[in-house]
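Here you go, sequence then predicted model.
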Amino acid sequence: MDNSERSPQLRRIARAARWTGVRLRLSEALRNLVAALSIPLVTAIVCLAVVKLRRLDWHGSRPYLLVTAVSLLAVVAAVLWALVRRRPKLEGAIALDRFHGLRDRLANALYFASLPPSERTPLMDLAIEDGCAHGQDLAPRKAAPIAFPALAPLPGLLLIALLLMAAFEIRTYRVQAAAPMINKATLTADDIDYFRESAKAMAEKKHDPELQAVIDKYNQLIDDLANRRLTPQQAFERMEALDRELGKGLEDDKKALQDGLRRMAEELRKSDLSRPVAEALQSNDLDRAQKELRALAKRMRERPASINKAELDRLRAALERASQNQKERLAELEKRREELAAEREQLLKKKREAADGGIDEEQERLLRRKERELERLDRELEQQRSAQRQLDRLDRELSQAAEDLMRDLGLSAQDLEQGAEDLNRMGEQQMTDQEKEELRQRIQEIRELMRQQGQGGRPRMVRLRRFSEGARGQRGQGGQRGQQQQGQEGQEGEDGQRGENGQGQGQGEEVWVMGPNGERMLVIKRGGGSGTGSQPGSGSEPGGQGQGQGGKDWGTGHDPNLTGKATHPDMGTTDTSAEAIDTGQGPSRAEVIAGAADRGFVGRNYKRVFTEYRTVAESAIDKEQVPAGYRFYVQRYFQLIRPRE
Amino acid sequence: MTETSSKEQTSQRVQDFQKKMGVLREEVGKVIVGHHDVVDGVITCMLAGSHALLEGVPGLGKTMLVRTLAESLSLTFSRIQFTPDLMPADIIGTTVIDETSSGAKLFEFRRGPIFANIVLADEINRATPKTQSALLEAMQERRVTVAKTSHQLEPPFFVLATQNPLEMEGTYPLPEAQLDRFFLKLHVGFPSRDELHTILDRTTGASDHVAKPVLDRAEILQMQALVREVPVARHVQDFAVRLLQACHPDGEDSPDIVKRFVRYGPSPRGAQATLLAAKIHALFDGRFAASIDDVRKVALPALRHRVLLNFEGEAEGIRPDQVIEKVLQKLPETKA
């Protein structure tokens, strides 16, 4: 066999060897694929288990998904490694040799054929020919079968496990979130009582229908708050509506009116006849001003001779100026406002014209100042107009009086009577305004209370309620009235647990001790208590073990052995009153206050002490410059410690 | 033209080789029953120009095998029975004072039994290490030196040594350096039932089977030359190298059994012996180049006496054959 004969055969052998090598490579890739598939599947199973057990949401599951995705890269890497890694030379030929039992004849032939001819020995040539002779019917497919990997069932089983895991439901017993409770606006019973009382006091007075309607709405608001029918938002909206109805800017209007009256007073002061009226107006005492004006009218009507012409002239002039003054000021304001508006328009026009380049900073600042001034003038004008509306009639009457003054004093007196009537009406209006202001003050207090409760939250409400119960003597602390201990002292008991919404009964201990000046002082110690109610209280330690003998006050209940006829209702009675002599032997203030802390804010003595203290406090608030906010706190403090029935 | 004739000649030489081998096997087979692997192994050693160590219990025909082989070849043969009192001079010879016909006296070297083509060192492990060492130079250098005079041994020269693995009393195990000089170590196993029948038939009857020479010295040297010409492809040689490395405890592809129980692996002589034996095996098979299968076939006799077990391996009763078989089982045939 020469070279030309064996070359095609060698090529055929080489081709078969290459193809066998490729099949070996593919086979390994398949094996790697199957083996590596287990990695992401196991990872996915573990991750899915973790996600399900920990009940993670989509966001929480993302890291686990990422891990699973990364583990998929292991499969890709394993397959790529099998496909691209360097494999042994003649691997395919050796596989063919093994399959066909050729004892490396093909591999040897290919190897020796790859050597340069000069290096080949005769035995090598013989080996090549031997390989060619045996390499006839080669079967690469059989030599390198791409078989189903033995590990193939494993990924299948893992896949099934994954699907089962995905289908497996881990039930989560979630506590259904309770429907959000509407947070009702709540006020303590004390506050409700306070506001009810203030409303009641206002309702007792006579009012115009408008104010009465507002008071009715205020009462309804208090009722709703007491019955917890409103959310805080609703409560605030209702209060805002009431505020609007009571009229915002009342203070400003009132001030403008007072200014108008004061200016009027300055003119009227120039006449001796109208000076008392002027002084009353100056001090904003409309009632006195009204009386003085009526007195002047009466004098003009009844004793016209007592008034000389010069005085009448001065009065007329004063009345005319007084009536004109306000109008002039209003006109002046109107004029100034119009000027300012014109200036602003001019600046705005300039600004529009120079829109692309803009106006310089100086003009811009000027424009802003003009606008601010214009706004101020608008407000002032509005106030003046409001005051003018109230003063308008008085102005007319004063002007009419001035006109009639020289013609007929009677007519003038009548005009002045009308003016007095106007002042009376303004005074009443002022009274109404005061009530409105008081009502607004109450509303502001409600608002402040609700705001504080919103900040303090439920604990604050609980504390307030506890305080209220204590103040009413409903807590199971303190000694029961009439069970004063005078016998053997017992061990001191600790506080009983608070019983809510119930009536508490407690046994305490009152001890008389010697004061610093040798006087006897009553000290009341805490005792064991028990509460009955929705949440029963219980004393952690027993109360004192003393044996009481009698008490200072009357007992409660009656002797069941007593029998007798009931008192006839129609029996004649005589009301008699007797005033006792204060012997000064009652309890001291300190004793009263200390007793109130335990027994509640009840009793005649406490009421006396409270009244004294509150009077002093109110006086101090009126006299001193106490800020409104602090004033509210003082008032609220006294409201909270007020005597209870 | 020249190339074609050369190939034809070579092909003819290979065919002659096979033919002569067949004749030799047949001739030995007339006396020796069975033990084909051992016979092939001994012939392999002879063709490789090296030496063989036969190990087997007494009475299995080791000496008979060697003697028969020697009779089948037209070569000189000597047999040395190793005993504890055997001295080196008893093997290599000694210088004596001789008187010539003229009456002059001179020193004359009297050759020992080592001066033969085939030397049977029977029960070699019974001699002392000093005497065993006397064989070292002869086996490796193919010459002996006495009184500063070297005497070349005539080729072909090969030593066939036998040893008894059972009797340890009064024996001197061969040192590692000497073991390494044996090309193959052949285990002479117990004959099968049929082989025993044949042995009995031949040895207890009236006829006496005697081998006659079928190969002369020149033919043997030609065959030895042909063996050296057998080419080996790189992947086959690579397999032999990796096989050798895998038998070392610190080898790259060493299986656990090697790492655990082997103290020293085979020396490079082991790879030489493996590859040379694989070539001869290929020629036996009528092929022109060695294959991985040939390497596998000869790996056990070529490496078993070169694998030294550690204390743990000996304590566990591990045999070197187990180690080599495990290596052959685990070792991939190809590697990038």
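On my side now, so go ahead. Numbering: from 1, shown residues only, chains lettered A, B, ... in the order given.

what about the nearest residue to A:Asn325 once chain neighbours are set aside, distance to A:Leu257?
Using Cβ to Cβ, 6 or more residues apart in numbering or on different chains and skipping the chain neighbours, the partner closest in space to A:Asn325 is A:Arg263 (5.4 Å). In short, each C-beta sits where N, CA and C put it, glycine included. In this view, A:Arg263 and A:Leu257 are 11 Å apart by Cβ to Cβ, to the nearest Å.

Strands of chain B, residue ranges please.
Under the criterion DSSP state E, strands of chain B are mapped to B:51-55, B:77-81, B:93-99, B:105-111, B:118-122, B:143-146, B:149-152, B:158-163, B:182-187, B:262-264, B:308-309.

what's the last one packed up against?
Right, the one you point to is strand B:308-309. Secondary-structure packing of strand B:308-309 (3 or more Cβ pairs under 8 Å, 6 or more residues apart in numbering or on different chains; DSSP states H and E): strand B:262-264.

Quick one: mean pLDDT over the strand it packs on.
Looking at strand B:262-264 alone, the average pLDDT works out to 90.

residue of the stretch 101-250 of chain B with the smallest distance to chain A?
Relative to chain A, the nearest point of the stretch 101-250 of chain B is B:Ala233 (4.0 Å; Cβ to the nearest Cβ).

Could you measure from that residue over to A:Phe148?
For B:Ala233, the distance to A:Phe148 (Cβ to Cβ) stands at 33 Å.

With neighbour numbers in mind, choose between those two.
Under the neighbour definition other Cβ atoms under 10 Å in any protein chain shown, B:Ala233 and A:Phe148 were set side by side, and B:Ala233 has more, 24 against 10.

Now name the helix or strand holding A:Phe148.
A:Phe148 is part of no helix or strand, with elements assigned from DSSP states H and E.

for chain B, what are the nearby residues on the stretch 51-200 of chain A?
If contact is defined as Cβ under 8 Å from any Cβ of the partner chain, the residues of the stretch 51-200 of chain A in contact with chain B are A:85-91, A:94, A:97, A:103-105, A:107-108, A:111-112, A:121-127, A:130.

measure the residue most central in space within chain B to A:Tyr613 for me?
The geometric centre of chain B, computed from its C-alpha atoms, lies nearest to B:Ala52 (Cα atoms, centre = their mean), at 2.0 Å. B:Ala52 sits at a distance of 131 Å from A:Tyr613 (criterion: Cβ to Cβ).

again with B:Arg234
Using Cβ to Cβ, one gets 117 Å for the distance from B:Arg234 to A:Tyr613.

A:Arg337 too?
Relative to A:Tyr613, A:Arg337 is positioned 53 Å away (Cβ to Cβ).

And the two? Which one has more around it.
Neighbour comparison, A:Arg337 and A:Tyr613: the larger count goes to A:Arg337, with 17 against 14 (by other Cβ under 10 Å).

Just the buried ones among the residues of the stretch 51-200 of chain A next to chain B, please.
By neighbour count, with 16 or more other Cβ atoms under 10 Å in any protein chain shown, these hold A:87-91, A:94, A:97, A:103-105, A:107-108, A:111-112, A:121-127, A:130 as buried.

mind listing which of the residues you listed are in helices?
Of the positions in those, A:91, A:94, A:97, A:105, A:107-108, A:111-112, A:122-127, A:130 sit in helices, assigned by DSSP state H.

Quick one: the helices in the stretch 101-250 of chain B, in order.
In the stretch 101-250 of chain B, the helices defined using DSSP state H, counting those that start in this stretch lie at B:129-141, B:176-179, B:193-204, B:217-229, B:234-246.

Compare A:Arg263 and A:Leu257 (neighbour count), which wins?
Looking at A:Arg263 and A:Leu257 with other Cβ under 10 Å, you find the greater number of neighbours at A:Leu257, namely 23 against 18.

Does that one fall in a helix, a strand, or a coil region?
Under DSSP: H, G, I helix; E, B strand; the rest coil, the three-state class of A:Leu257 is helix.

Look up the pLDDT of it for me, please.
Model confidence at A:Leu257, expressed as pLDDT, equals 70.

repeat for the one 4 residues further on
Taken from the predicted model, the pLDDT recorded for A:Leu261 is 75.

Averaged pLDDT, the helix of greatest length in chain B. What do you get?
Taking residue count as the measure and DSSP H as the definition, the longest helix of chain B comes out as helix B:2-31. Taken as a whole, helix B:2-31 has an average pLDDT of 85.

Return the list of helices and strands in contact with that helix.
Contact analysis of helix B:2-31 by 3+ Cβ pairs under 8 Å, 6+ apart lists helix A:122-134, helix B:36-48, helix B:62-72, helix B:217-229, helix B:268-284 as its packing neighbours.

From the chain's centroid, how far away is that helix?
How far helix B:2-31 lies from its chain's middle: 21 Å, per Cα atoms, centre = their mean, to the nearest Å.

now the angle from that helix to helix B:268-284?
With axes from the mean of the first three to the mean of the last three Cα atoms, to 10 degrees defining the directions, helix B:2-31 sits at 90 degrees from helix B:268-284.

Can you list the buried residues in helix B:2-31?
B:7, B:10-11, B:13-14, B:17, B:20-21, B:24-25, B:27-29, B:31.

Looking at the ones in helices among the buried ones among the residues of the stretch 51-200 of chain A next to chain B, spot the one nearest A:Thr573.
Distance ranking of these against A:Thr573, using Cβ to Cβ, places A:Glu91 first at 132.4 Å.

residues in chain B within reach of chain A, list them.
Contact residues, chain B versus chain A (Cβ under 8 Å from any Cβ): B:3-4, B:6-7, B:9-11, B:14, B:229-231, B:233-236, B:282, B:285, B:287-294, B:333-336.

Helices along the stretch 101-250 of chain A, start to end?
According to DSSP H, counting those that start in this stretch, the stretch 101-250 of chain A carries its helices in the segments A:105-114, A:122-134, A:140-143, A:153-167, A:189-204, A:209-226, A:232-246, A:250-268.

Touching the second one from outside, list them.
For helix A:122-134, the external contacting residues (Cβ atoms under 8 Å, 6 or more residues apart in numbering or on different chains) are A:1, A:6, A:9-10, A:13, A:100, A:102, A:105-110, A:112-113, A:115, A:120, B:3, B:6-7, B:9-11, B:14, B:229-231, B:287-289.

The same query, at a cut-off of 6 Å, please.
Helix A:122-134 is contacted from outside by A:1, A:6, A:9, A:102, A:105-106, A:108-109, A:112-113, B:6-7, B:10-11, B:229-231, B:288-289, using Cβ atoms under 6 Å, 6 or more residues apart in numbering or on different chains.

Then the shortest one?
Where contact means Cβ under 6 Å, 6+ apart, the residues beyond helix A:140-143 that reach it are A:16, A:19-20, A:95-96, A:99.

And B:Phe107, how close does it get to B:Glu99?
The spacing between B:Phe107 and B:Glu99, counted by Cβ to Cβ, is 11 Å.

Any regions of the stretch 51-200 of chain B where pLDDT drops low?
Along the stretch 51-200 of chain B, the parts satisfying pLDDT under 70 run over B:166-169.

Not counting sequence-adjacent ones, nearest residue to A:Val336?
No, residue A:336 isn't Val; it's Arg. With Cβ to Cβ, 6+ apart, the residue lying closest to A:Arg336 is A:Leu377, at 6.2 Å.

I'd say that neighbour and A:Lys335 touch.
No: the criterion here is Cβ atoms under 6 Å, and A:Leu377 misses it with A:Lys335 at 10.4 Å.

Give me the more crowded residue out of those two.
Of the pair A:Leu377 and A:Lys335, A:Leu377 is the one with more neighbours under other Cβ under 10 Å, namely 19 against 10.

In which helix or strand does that one reside?
With secondary structure defined by DSSP H and E, A:Leu377 is part of helix A:361-405.

any idea where the strands of chain A begin and end?
All strands of chain A, identified by DSSP E, fall at A:503-514, A:520-532.

Contacts only, for the closest residue to A:Leu374 other than its chain neighbours.
Take A:Leu374 and drop its neighbours on the chain: the residue closest to it by Cβ to Cβ, 6+ apart is A:Leu340, 4.7 Å away. With contact set as Cβ under 6 Å, 6+ apart, A:Leu340 has these partners: A:370, A:373-374.
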